[in-house]
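J.: coords below, sequence missing:
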């Protein structure tokens, strides 16, 4: 589980918020689900353990092309 704001993945995502590349940062299960339905490629997905333990989180995780990375809630909130 990612517990540090200094984690490389967290730093990379924070940097993406400031760059102007061909990508989108999605927040929330609804937008991630819509992206999957639209056939968009997802490279990295972060989720809290509590969300992944819910029926909605487990169902969404099964649809992902990559395994979601477990992250502490405060780290995810900091990225939002």
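T.: Cool, the structure landed. Just so you know, these numbers come straight off a predicted model, no measurement behind them. Residues are numbered from 1 along each chain as shown.

J.: what about residue 62, which helix or strand?
T.: Secondary structure from DSSP states H and E places residue 62 in helix 55-63.

J.: next structured bit after that helix?
T.: Next in line after helix 55-63, if elements are assigned by DSSP H and E, sits strand 69-70.

J.: isn't residue 75 right up against residue 4?
T.: Yes. Counting by CB atoms under 8 Å, residue 75 touches residue 4, with 7.5 Å between them. Placement of C-beta: from N, CA and C, glycine included.

J.: do you know how far residue 68 is from residue 44?
T.: Distance, residue 68 to residue 44, by CB to CB, to the nearest Å: 9 Å.

J.: so where do the strands sit in this protein?
T.: Along the chain, counting by DSSP state E, strands occupy 46-47, 69-70.

J.: closest one to residue 26 among those?
T.: Comparison of these against residue 26 by CB to CB identifies strand 46-47 as nearest, at 10.4 Å.

J.: Paired strands for that closest one, with orientation please.
T.: According to DSSP bridges, strand 46-47 forms sheet pairs with strand 69-70 (parallel).

J.: what's the partner strand in contact with?
T.: 1, 2, 9, 44, 45, 46, 47, 48, 49, 52 (CB atoms under 8 Å, 6 or more residues apart in numbering).

J.: Mind putting those residues into JSON lines with neighbour count, distance to residue 33 and pLDDT?
T.: Output for the contacts of strand 69-70, formatted as JSON lines (neighbours: other CB atoms under 10 Å; distance: CB to CB, whole Å; pLDDT from 0 to 100):
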{"residue": "1", "neighbour count": "9", "distance to residue 33": "23", "pLDDT": "92"}
{"residue": "2", "neighbour count": "16", "distance to residue 33": "22", "pLDDT": "93"}
{"residue": "9", "neighbour count": "13", "distance to residue 33": "22", "pLDDT": "92"}
{"residue": "44", "neighbour count": "12", "distance to residue 33": "16", "pLDDT": "92"}
{"residue": "45", "neighbour count": "18", "distance to residue 33": "11", "pLDDT": "94"}
{"residue": "46", "neighbour count": "17", "distance to residue 33": "15", "pLDDT": "95"}
{"residue": "47", "neighbour count": "19", "distance to residue 33": "13", "pLDDT": "96"}
{"residue": "48", "neighbour count": "19", "distance to residue 33": "17", "pLDDT": "95"}
{"residue": "49", "neighbour count": "13", "distance to residue 33": "19", "pLDDT": "96"}
{"residue": "52", "neighbour count": "14", "distance to residue 33": "14", "pLDDT": "96"}
